[in-house]
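**Student:** no FASTA, just this:
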């Protein structure tokens, strides 16, 4: 047994020696290497099988994600035309130098490209550098160029224990305005280019310079290999080939301005880059979704450009505006204002007039004109255009609203068909006499309109408020919170007075409410309390013309796909008249309101008769005169010498009358409404026809409209 164990140990020892000798032999190592190689090959084959067969689609998507960059390029903005396809807003191609960020590019490499590009182009300091570099940008630049110097300015005890970010801020605080003044133009220019390179998202091209010279373009092309991401491209600039004021169209931001801060969240959620060009005001803003178009999209795959979407220029927009007629209206208003100021001293305060002409049946705005008279350096009177004053400037319009007051009377029963009231001064204790412009005696509802009786509507309003009085005595049963306020303003609101008109423009004014005294309530009925705009007055005129239909006021007519043709274009959105609400009255009541407005213009006793005498377009309308205080363009009351009341040396305030008119023609088949507001047309109590300014302008506009239609029919 013992001998067997010794033999086993000997055999195992010998086996171990043989195995050890075999392992150390080159043959064994070759076999092991073959096995490892075969195993690795099998694993690679299995992996390749999974990648190319089992997970082929996922791998391709991942590869595209890591090697492909999707990029965007701007397209030209949509063109705007008038109703007869006259171009109002177009585009002009502009050469630009751009920078497109390349993925995985380091900041230091971008800085190198900015410096090299700065050496071959020139940026103007005032227009191209100063707006780009904020004070903090300049401080960062100074710190980058002079870090050791700035570090030396930091007190040792102040910087102790601060982390890098806080110490950086501390260094920035040491940089003063005097330090920044040492920066050279070359340093500022290179940094401005660097800042512009990071203005937008990585998918958009950032514009570095607009309108480069041919020499600059050539230099950039020559050095393109050393300027990765830099390219020569084309952008667009808005052009205004017509004489229509560009204020109506508004503005588009530049790439430096980008999306406005007040709408930043909205645009970013829509996928816009921070430096995207967007409409910021008026039609450019309200129609931005149509005018912007669809960006050209392409993929950059291993340096090769592959088109994804060819893009689409902005849609074409036609307006209801008639540019030829607009120019005629501007000329009529400007000539009348200049003539009035030059020939009538009593009109020396007349500064502005606002006019809206529309189609009462559709709400289409045919012309919107604002003219402001100013003095140049030599004291000469010049006319400047302010069409947005038709929606921004609100003032008392006087008796032009009496048609709305009669509607209140009919609806509430405080005035009946043919009702007669005596027009003579109303004397109330501790109050000024309440009178019409002339004592008329007994007048009915139609005559109250045509001759413009204040007293008729004072008495109607007193009945509505439930007050009573005896001549010379106090007012009885007066309640400042009477529902008469709500009743009257609700009706006025539903005819467009004091309400938004729906016009596609920004910051439309609703006007302002007066106080709540008894006299304020009476003055509300004759248009001398609340304030209204010319656009609101035109909308009210359409209610009169159509006998109850309040139409949305609309500038935009049709929207088409972009095309080089003026006919056969594809319509995207057509014009649709929008009825906002209707005023319900009996046909007989509408007939009386209509007749009152017809007599105002055509009856010998009508307040506008002598101005319209001899015309043949069968007009109807209502004049208005509202007493107010002389004010400057900022709303401050002035004395007769133009000094602000309440300041040293200023005299008392000056009372003036606004001149207004709202009318339509022809009376039996209305085609147009004309609303005119001429604030401060004449001092109160003065003679000389100042109150007729608005009526004369309205008459001439109506005549011009029908003359133009005849001329156009002859052209055809």
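**Tutor:** Looks like it arrived, so ask away. No experiment lies behind these values; they were computed from the predicted model shown.
**Student:** let me see the domain layout of the protein.
**Tutor:** Following automatic domain parsing, one gets these domains for the chain: 2-54, 72-319, 324-715.
**Student:** of those, flag the one that's most buried.
**Tutor:** Stretch with highest mean neighbour count among the domains of the chain: domain 324-715 (a mean of 19; mean count of other C-beta atoms under 10 Å). No exception for glycine: its C-beta is placed from N, CA and C like everyone else's.
**Student:** including mean pLDDT, could the domains of the chain go into TSV?
**Tutor:** Formatted as TSV, the domains of the chain follow (pLDDT from 0 to 100):
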stretch	mean pLDDT
domain 2-54	67
domain 72-319	87
domain 324-715	91
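**Student:** what's the first-to-last distance across stretch 192-206?
**Tutor:** This stretch, stretch 192-206, spans 12 Å end to end (C-alpha to C-alpha, to the nearest Å).
**Student:** helices of the stretch 551-700 of the chain, start to end?
**Tutor:** Using DSSP state H, counting those that start in this stretch, the helices of the stretch 551-700 of the chain run over 587-602, 609-612, 693-715.
**Student:** stretch 432-451: how far from the chain's middle?
**Tutor:** Computed by C-alpha atoms, centre = their mean, to the nearest Å, the chain-centroid distance of stretch 432-451 equals 44 Å.
**Student:** give me the distance between the residue positioned nearest the centre of the chain and residue 252.
**Tutor:** Central residue of the chain (C-alpha atoms, centre = their mean): residue 281, 2.1 Å from the mean position. Relative to residue 252, residue 281 is positioned 9 Å away (C-beta to C-beta, to the nearest Å).
**Student:** how about the residue nearest to residue 230 when sequence neighbours are not counted, phi and psi?
**Tutor:** Using C-beta to C-beta, 6 or more residues apart in numbering and skipping the chain neighbours, the partner closest in space to residue 230 is residue 99 (5.5 Å). When read as degrees, to the nearest 10, the backbone of residue 99 gives phi -130, psi 130.
**Student:** sorry, back to before: which residues touch the closest residue to the residue nearest to the centre of the chain other than its chain neighbours?
**Tutor:** Closest residue to residue 281 apart from its sequence neighbours, by C-beta to C-beta, 6+ apart: residue 250 at 3.7 Å. By C-beta atoms under 8 Å, 6 or more residues apart in numbering, residue 250 lies in contact with 279, 280, 281, 282, 283, 284, 285, 506.
**Student:** tell me the one of these nearest residue 549?
**Tutor:** The closest of the contacts of residue 250 to residue 549 turns out to be residue 283 (C-beta to C-beta; 25.2 Å).
**Student:** wait, the closest one sits on residue 251?
**Tutor:** No. Look at residue 283 against residue 251 with C-beta atoms under 8 Å: they stay out of range, at 10.2 Å.
**Student:** what separates residue 407 from residue 196, distance-wise?
**Tutor:** Using C-beta to C-beta, residue 407 is found at 60 Å from residue 196.
**Student:** ok, which stretches of the stretch 201-350 of the chain are helices?
**Tutor:** For the stretch 201-350 of the chain, the helices defined by DSSP H, counting those that start in this stretch occupy 214-222, 264-269, 282-286, 288-291, 323-343.
**Student:** can you name the two of the contacts of residue 250 that sit furthest apart?
**Tutor:** 280 and 283 (11.2 Å).
**Student:** helix, strand or coil for the closest residue to residue 179 other than its chain neighbours?
**Tutor:** Once flanking residues are discounted, residue 179 sits nearest to residue 142: 5.5 Å by C-beta to C-beta, 6+ apart. Look at residue 142: counting by DSSP: H, G, I helix; E, B strand; the rest coil, its state is helix.
**Student:** OK, contacts around residue 142?
**Tutor:** Contacts of residue 142 by C-beta under 8 Å, 6+ apart are 150, 175, 179, 180, 182, 183.
**Student:** make JSON lines from the residues you listed and add secondary structure and distance to residue 590 to it.
**Tutor:** Formatted as JSON lines, the contacts of residue 142 follow (DSSP: H, G, I helix; E, B strand; the rest coil; distance: C-beta to C-beta, whole Å):
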{"residue": "150", "secondary structure": "helix", "distance to residue 590": "80"}
{"residue": "175", "secondary structure": "coil", "distance to residue 590": "75"}
{"residue": "179", "secondary structure": "helix", "distance to residue 590": "76"}
{"residue": "180", "secondary structure": "helix", "distance to residue 590": "72"}
{"residue": "182", "secondary structure": "coil", "distance to residue 590": "78"}
{"residue": "183", "secondary structure": "coil", "distance to residue 590": "74"}
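**Student:** and which of those is nearest to residue 613?
**Tutor:** Distances from residue 613 to the contacts of residue 142, taken as C-beta to C-beta, are shortest for residue 180 (71.6 Å).
**Student:** for the stretch 251-400 of the chain, which segments count as strands?
**Tutor:** Remark: strands assigned in the stretch 251-400 of the chain by DSSP state E, counting those that start in this stretch are 296-301, 304-309, 316-319, 352-358, 365-375, 381-385.
**Student:** what packs against the fourth one?
**Tutor:** Packed against strand 352-358 by the contact rule (3 or more C-beta pairs under 8 Å, 6 or more residues apart in numbering; DSSP states H and E) you find helix 323-343, strand 365-375, helix 389-392, helix 534-546, strand 672-683, helix 693-715.
**Student:** can you add distance to residue 240 and give the ones you listed back as JSON lines?
**Tutor:** Putting the helices and strands packed on strand 352-358 into JSON lines (distance: least, C-beta to C-beta, whole Å) gives the following:
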{"stretch": "helix 323-343", "distance to residue 240": "11"}
{"stretch": "strand 365-375", "distance to residue 240": "16"}
{"stretch": "helix 389-392", "distance to residue 240": "19"}
{"stretch": "helix 534-546", "distance to residue 240": "22"}
{"stretch": "strand 672-683", "distance to residue 240": "26"}
{"stretch": "helix 693-715", "distance to residue 240": "22"}
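**Student:** understood, closing this out.
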